[in-house]
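1. Here's a sequence, model it:
(one chain, ligands or ions: 2)
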Amino acid sequence: MVATRVLFWNTNGKGVMYVCALIASVIFIVGLSKKIWSWQQGRPIKYENLGLRFKTSFLDIIKHNDQIFKGTFRRFMHLSVFYGFIVLLIGTSMIALQVDFKIPLFFGIKYLIIKLLMDLAGLFILIGIVMAAYKRYIAKRDHMDYSLDDAILLILVFSILFTGFILEGLRIYVTGDIWARWTPIGLLVSAITRKSGVSVQAARSFHAVLWYSHMLLAFGLIAYIPYYKLLHMFASSLNIFLKSSSPIGSLTPVDIILKEEKNIGVGKLEDFSKKQLIELDACVSCLRCQKGCPAYMIGAPLSPRGLIQSLKKHSNSKNSFFRSRRKSFNHLIIDQIISKETLWSCTTCGLCEVKCPIGIEHIKRIVDMRRSLITEEAGYPPEVQEVFKNISEVGNPWGLTNSEYLVKESQVPLLSDKKQTDILYWVGCFSSYESRSKKISQVMFKLFERAGVNYAVLGSEEKCCGDSVRHLGNEKLFQQLALENIKTLNQYEFKTLVTHCPHCYNVFKNEYTQFGGHYRVMHHSEYILELIKLGKIEPKPDNNLKVTFHDPCYLGRYNNLYKAPREVLASIPEMELVEMRNNQSRGFCCGAGGGRIWMEDIKEEKINTLLVNKALKSNSDILASACPLCIATLTEAVSSSKADIKSLDIAEIIYDAL
Ligand code: SF4
Ligand code: SF4
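-> Numbering: from 1, shown residues only. Ligands and ions are numbered 1, 2, ... in the order given. Here you go, the predicted model:
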């Protein structure tokens, strides 16, 4: 006997089902078209390497990369639901092909395998749904504010699966299906029904009624997809596909010459790019970005997830398929939906972007909104306006005019005298003028001398690289600085630009390239490591000291440079390197990035103090880093908390070990 079963057994509701399918499809298409229309309102986006994009996003989605779905519980939960639905979709499509196109697919071994897979898929989806409900409403560790939408979705999916199993069990019970062992869950439900003493007639009647409920729930789910969270099936996949291939640290350039000043940045929904509008629907509100956001952790008015969700709510309330674009999108966002304080709270550390499972890019969005404030008189905090004024007048944030004093003091060679050199050492504003950071540049000069390096500096010709300026949103001033610095650099011959500031490093590596400045750039961690490997400097044993390394955000997350500073420290015999609990791509921020170093503290609790407390748990003698801004903020936190740990740059540690 060929294995199969009667499709549409015990029901004559096929006609009603087609009507429901039509209604659900219309509601689905209208909802999805409305969404696509709203995404279309954004600025155009450029994306290249379609083949590669498709391959990477496809693999990311099907594999559920464990970097993305961190944690076995979460990964298993999402994988169960994801693959469960794929199997159910394939099985249901096979039924439709047989019923509507008379293609005989539901026979023999094919039938048995697909029945078994569908049964197991249903079970896994149910397990996934129960796990999600447990995580959201019982464990609640990081899921404090789930919406009604989440609850409706879980109840709806659970009900579809549950009624599906009951229907299968009733059918097996009534028909005595001899192939029932291939549907173990259905068989179990059938056994329970038999045991409970339900008559065959009652089971048959209940089946007939339940079939309609199951069918309505299933089509209800399809119709529901584009309107609420389930839309993420499309939006998240699309967002992963469109994810920027440039490093986190590479901000979107604005063509200042073509732009009227009043149009710079994002002040309204329509100023966002198409991808940024898709992101609003792609966000699944998982809270991963919020957990660990330094601003959120000190109680500042910023949650990366909250920011996306507020904009999404605004977009949903303003955008309508039937309204004109102008009426729908022409609403100011800043101070209406997102406060300036929220925008100023971000340190642009990038942790949220690394943690977001679907590639939402928060930094570009925040900087884009900051950019729109440039035309507002009270847009920027007064201390930031002062920094802009100083930089545009004298080229450094402090407004100090005696910019050569560091060079004179140190008697270092100037490139304007030498005209050509192997190493151009870019000192940076911080290590030219700030007292703690100046010690790092002094040590760098000594290291160059000790290793016999042919090097020079720009001295008074070196202007602020513009990192803070750009991240604060003053694109115009940034571009002026970039063009001036590129012009200066292009006058001279040098082989490599070395800098110990990850902010300068990031600007030269990822930002100036947008304006024609292409240089071989090395961070001092890479260059010092090269000197050690070449035997030009030789660290000696250093008294069994324990050191923990804080990854500067702009070095690690922005530029993936994690190994070099660790290898530099590991080159010191007898020095023990201890890792902090969250390190490398999950490392905590020092609080100085994104121009926050120039702003007043938002809260009494400080980000740098939180970081020092994390470092203290490693029981280290030294809290090392490789960034003048980190060292300045960490030194301040160490001294104000009187913690028993020294905050040093890797260059200082190496120099002490020579
Ligand atoms: S970049 Fe850092 S500070 Fe800004 S929202 Fe993301 S995690 Fe928070
Ligand atoms: S932005 Fe990303 S990480 Fe944050 S809540 Fe949304 S999906 Fe989750």
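2. residues contacting whatever residue of the stretch 501-650 of the chain ends up closest to ligand 2?
-> Nearest residue of the stretch 501-650 of the chain to ligand 2: R586, at 13.2 Å (C-beta to the nearest ligand atom). Glycine gets a C-beta too; all of them are placed from N, C-alpha and C. Residues near R586 by C-beta atoms under 8 Å, 6 or more residues apart in numbering: 292, 351, 354-355.
3. Test my guess that K476 contacts D255.
-> No. Taking contacts as C-beta atoms under 8 Å, K476 lies outside contact range of D255: 11.3 Å.
4. Among the two, which residue is more densely surrounded?
-> The residue with more neighbours, out of K476 and D255, is K476; 18 against 9, by other C-beta atoms under 10 Å.
5. tell me which of the contacts of R586 is nearest to ligand 2?
-> For the contacts of R586, the nearest to ligand 2 is K355 (5.6 Å; C-beta to the nearest ligand atom).
6. what comes up buried for the strand or helix carrying G15?
-> If you go by DSSP states H and E, G15 is part of helix 14-40. Buried residues in helix 14-40, counting neighbours by 16 or more other C-beta atoms under 10 Å, are found at 17, 20, 24, 27-28, 31, 35, 38-39.
7. Please give the element, helix or strand, for the nearest residue to R204 once chain neighbours are set aside.
-> Nearest non-adjacent residue to R204, counting by C-beta to C-beta, 6 or more residues apart in numbering: V174, 5.1 Å away. Secondary structure assigned from DSSP H and E places V174 in helix 148-175.
8. near ligand 2, which residues of the protein show up?
-> Residues of the chain lying near ligand 2 by C-beta under 6 Å from any ligand atom: 283-289, 304-305, 308, 355-356, 358, 360.
9. would you list those residues in a markdown table and tack on neighbour count, secondary structure and pLDDT?
-> Shown next, in a markdown table, are the residues of the chain next to ligand 2 (neighbours: other C-beta atoms under 10 Å; DSSP: H, G, I helix; E, B strand; the rest coil; pLDDT from 0 to 100):
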| residue | neighbour count | secondary structure | pLDDT |
| --- | --- | --- | --- |
| C283 | 24 | coil | 94 |
| V284 | 21 | coil | 88 |
| S285 | 20 | coil | 87 |
| C286 | 19 | coil | 86 |
| L287 | 18 | coil | 87 |
| R288 | 23 | coil | 88 |
| C289 | 25 | coil | 94 |
| P304 | 28 | helix | 97 |
| R305 | 23 | helix | 95 |
| I308 | 23 | helix | 96 |
| K355 | 22 | helix | 91 |
| C356 | 24 | coil | 92 |
| I358 | 20 | coil | 89 |
| I360 | 26 | coil | 94 |
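10. burial count for S639?
-> Neighbour tally, S639, other C-beta under 10 Å: 11.
11. what's in contact with the helix or strand hosting it?
-> Assigned by DSSP H and E, S639 falls within helix 628-641. Residues outside helix 628-641 that contact it (C-beta under 8 Å, 6+ apart) are 428, 430-431, 434, 436-437, 440, 500-501, 503, 550, 552, 590-593, 597, 606-609, 611-613, 623, 625, 643, 645-649.
12. Quick check: buried residues in it?
-> Neighbour counts over helix 628-641 (16+ other C-beta under 10 Å) mark 628-638 as buried.
13. Check the secondary structure at the residue of the stretch 451-600 of the chain found nearest ligand 1 for me.
-> Scanning the stretch 451-600 of the chain for proximity to ligand 1 using C-beta to the nearest ligand atom identifies C589 as nearest, at 6.1 Å. Three-state assignment for C589 (DSSP: H, G, I helix; E, B strand; the rest coil): coil.
14. re earlier: okay, now the sheet partners of the following helix or strand past the helix holding S639, with direction.
-> Per DSSP H and E, the first helix or strand lying C-terminal to helix 628-641 is strand 646-649. Sheet pairing for strand 646-649, assigned by DSSP bridges, gives strand 622-625 (parallel).
15. Quick one: mean pLDDT over the strand it pairs with.
-> Averaging pLDDT along strand 622-625 gives 97.
16. Other residues contacting that strand?
-> Here strand 622-625 makes contact (C-beta under 8 Å, 6+ apart) with 545-552, 565, 569, 590, 612, 615, 631, 634, 638, 645-650, 653.
17. if I look at the residue nearest to Q420 when sequence neighbours are not counted, how far off is ligand 2?
-> Using C-beta to C-beta, 6+ apart and skipping residues adjacent in sequence, the residue nearest Q420 is E493, 3.8 Å away. Note on E493: its distance to ligand 2, by C-beta to the nearest ligand atom, to the nearest Å, is 46 Å.
18. Kindly report the same for G169.
-> 37 Å.
19. give the contact list for that residue.
-> Shown in contact with G169 (C-beta under 8 Å, 6+ apart): 185-190, 192-193.
20. Now the stretch 351-500 of the chain against ligand 1: closest residue?
-> C352 (3.2 Å).
21. pretty sure that residue contacts C289?
-> Yes. The pair C352 and C289 qualifies as a contact (C-beta under 8 Å) at a distance of 3.6 Å.
22. Which neighbours do these two have in common?
-> What both C352 and C289 touch, as defined by C-beta under 8 Å, 6+ apart, is the set 304, 360, 362.
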